[in-house]
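# okay, sequence plus prediction incoming.
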Amino acid sequence: MRMLVFFVAIVGAALTFLVSSVAVSSADPPQPLGGLDLLGYCQANGWETVIFPRGQLAPHAAVDNWRCATGERSLPISMEQACKWMYGLDAVQAHFTDLNDAFSWVCYSVGNQQARLD
């Protein structure tokens, strides 16, 4: 039992040190926010639907594949702008996790910020 108490105390001290070390860091690393609702984004911007002409799984499917569309007209989607709309934040980044999967986009917050009040 003493060994368990000692172990818990050591782990607690180590966690306290790690947390305090992170708190004094000058810049927070990007934090994942989640995925995207691209249909909602397109419709909020006056388009009827969203398309990805090269399909979900294909060579480089994550890059320059998503488009907002109405009829025969379409416009490429800025994933960063879609992240800003989705999460109400200005300082965001968008990254795919798999170059060959169109559905692998993830939004990340950068810095310590609050949601926009539009």
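Arrived safely, thanks for sending.

# which residues in the protein form helices?
Ranges of helices in the chain, per DSSP state H, are 2-23, 38-44, 79-87.

# low-confidence stretches in this protein?
Residue ranges of the chain with pLDDT under 70: 1-27, 112-118.

# next, the contact list for the most centrally placed residue in it, please.
Nearest to the mean C-alpha position of the chain, by C-alpha atoms, centre = their mean, lies residue 107 at 1.3 Å. Neighbouring residues of residue 107 by C-beta atoms under 8 Å, 6 or more residues apart in numbering: 32-36, 79, 82-83, 86-87, 92-94. C-beta here means a position set from N, CA and C on the backbone, and glycine is covered the same way.

# number of nearby residues for residue 53?
By the criterion of other C-beta atoms under 10 Å, residue 53 has 13 neighbours.

# for the residue nearest to the centre of the chain, name its beta-bridge partners.
Per DSSP bridges, the residues bridged to residue 107 are residue 34, residue 94.

# the closest residue to residue 39 other than its chain neighbours and residue 37, how far apart?
Nearest residue to residue 39 in three dimensions, chain neighbours excluded: residue 50, at 4.8 Å (C-beta to C-beta, 6 or more residues apart in numbering). Distance, residue 50 to residue 37, using C-beta to C-beta, to the nearest Å: 9 Å.

# neighbour-wise, which of these two wins?
Using other C-beta under 10 Å, the more surrounded residue of residue 50 and residue 37 is residue 50, with 20 against 14.

# report the beta-bridge partners for the more buried one.
Residue 50 forms beta bridges with residue 68, as assigned by DSSP bridges.

# wait, it sits on residue 42?
Yes. The pair residue 50 / residue 42 is scored as a contact, 4.7 Å apart, by C-beta atoms under 8 Å.

# what do the two both touch?
Counting by C-beta under 8 Å, 6+ apart, the residues touching both residue 50 and residue 42 are 68-69, 77.
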